[in-house]
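# just coords:
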Ligand code: NCD
């Protein structure tokens with residue numbers, strides 16, 4: 001029997017995930033991928049949530065997150081509706097965003113949303129909790145603030161990459177780029193304190209250093225980290241290099257152009273400096289910070305990371321609707 005939790009499981013911030021949850025998600029995602037190996041397995045997944053519908057409300061540009069969420073729904077047999085531009089909804093007629101989202105909740109069973117407005121997902125989740133249809137909200141990116149489902153897929157990718165090498169515990173994770181406004185950085189770095197002895201090396205031009213509130217949060221959690229602009233020194237020490245692009249959509253005055261980020265670009269010439277066991281990740285989209293020549297290096301994981309996103313989101317949806325218990329491989 002399907003279990004519908006009394007209160008919906010909203011996915012709003014990576015800070016809501018603890019180690020048991022992360023371990024469970026990694027295991028669940030691995031198992032789900034085994035179902036992908038056969039027609040019967042895929043048909044089984046398609047039956048799990050065929051009676052559920054999702055709204056994809058994405059009012060900020062998105063390729064991977066949108067498509068992987070939509071495909072994850074399809075894998076589980078869910079129907080999807082979408083809005084990708086608020087100018088095509090009644091917001092254009094002056095309807096408040098709260099009323100618009102409450103309207104979606106009348107028709108679907110989960111809302112997956114990406115928005116430029118930090119805190120909006122939390123606000124909507126609280127609002128819907130007070131209505132007669134309190135459905136789950138999944139934050140698929142909220143301005144420069146949070147990207148919890150990306151953090152889950154990043155953890156899954158790290159975990160898989162280090163599976164024969166002691167797991168994430170004890171690793172040095174280097175994060176590079178626009179650390180100030182990159183929501184993937186905020187969500188992922190917050191999760192690493194769930195692992196033992198992880199060290200984060202934040203590498204950026206001074207203008208793009210992590211924000212004060214993130215610095216404080218990490219200190220409070222006892223997370224070991226260093227902030228530096230010594231790109232090549234950090235590269236030599238890193239077990240994982242997590243590259244990010246400049247988030248210039250949040251510029252107020254074209255200020256990104258004034259920052260010289262070239263010293264922080266990963267190029268093929270850097271590859272010999274890195275550990276042979278290191279992995280290279282990027283949430284994508286990339287620009288010049290990650291040379292395409294690196295794509296063929298066995299340490300490049302970003303294309304797999306992208307695909308892992310789909311499977312992680314399948315796992316998350318099964319968890320949200322309480323059908324994760326049905327993801328069990330038949331005894332051989
Ligand atoms: C990231 C995002 O939207 O924050 N992309 C993604 O979801 N994979 C990173 C970015 O846009 O730079």
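Yep, it's here. The shown structure was predicted, so the numbers you read here are calculated from the model rather than taken from an experiment.
# Specify the local secondary structure of residue 166.
coil (DSSP: H, G, I helix; E, B strand; the rest coil).
# any idea how far it is from the ligand?
To the ligand, residue 166 is 27 Å away according to CB to the nearest ligand atom, to the nearest Å. The way it works is simple: take the backbone N, C-alpha and C, and place the C-beta from them, glycine included.
# likewise residue 205?
Taking CB to the nearest ligand atom, one finds residue 205 at 16 Å from the ligand.
# What about that residue, how many residues nearby?
Neighbourhood size, residue 205 [other CB atoms under 10 Å]: 19.
# doesn't residue 230 make contact with it?
No - when contacts are counted by CB atoms under 8 Å, residue 205 is not listed as touching residue 230 (11.9 Å).
# who's in contact with residue 50?
Contacts for residue 50 (CB atoms under 8 Å, 6 or more residues apart in numbering) come out as 76-78.
# And it, how close does it get to the ligand?
Residue 50 sits 27 Å away from the ligand when distances are taken as CB to the nearest ligand atom.
# before we move on, what about residue 64?
In terms of CB to the nearest ligand atom, residue 64 sits 5 Å off from the ligand.
# With adjacent residues omitted, what lies nearest to that residue?
Excluding the flanking residues, the one nearest residue 64 by CB to CB, 6 or more residues apart in numbering is residue 306, at 5.6 Å.
# In terms of helix, strand or coil, where does that neighbour fall?
Assignment for residue 306 (three-state DSSP): helix.
# quick one: it and residue 286 touch, right?
No - Residue 306 is beyond contact range of residue 286, at 10.9 Å (criterion: CB under 8 Å).
# Spell out which parts of the stretch 151-300 of the chain neighbour the ligand.
Within the stretch 151-300 of the chain, the positions near the ligand by CB under 6 Å from any ligand atom are 183-184, 244-245, 283-285.
# Include pLDDT and neighbour count when you put those residues into a markdown table, please.
Output for these, formatted as a markdown table (pLDDT from 0 to 100; neighbours: other CB atoms under 10 Å):
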| residue | pLDDT | neighbour count |
| --- | --- | --- |
| 183 | 98 | 24 |
| 184 | 98 | 24 |
| 244 | 98 | 26 |
| 245 | 98 | 18 |
| 283 | 98 | 27 |
| 284 | 98 | 18 |
| 285 | 98 | 11 |
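# Now, those that are in helices?
Among those, the ones falling in helices (DSSP state H) are 183-184.
# Make a markdown table out of the residues of the stretch 151-300 of the chain next to the ligand and add distance to residue 167.
Output for those, formatted as a markdown table (distance: CB to CB, whole Å):
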| residue | distance to residue 167 |
| --- | --- |
| 183 | 25 |
| 184 | 21 |
| 244 | 24 |
| 245 | 28 |
| 283 | 21 |
| 284 | 24 |
| 285 | 29 |
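# what's the nearest residue to residue 122 once chain neighbours are set aside in contact with, if anything?
Excluding the flanking residues, the one nearest residue 122 by CB to CB, 6+ apart is residue 12, at 5.3 Å. Applying CB under 8 Å, 6+ apart, we find residue 12 in contact with 121-122, 125, 137, 139, 146, 148.
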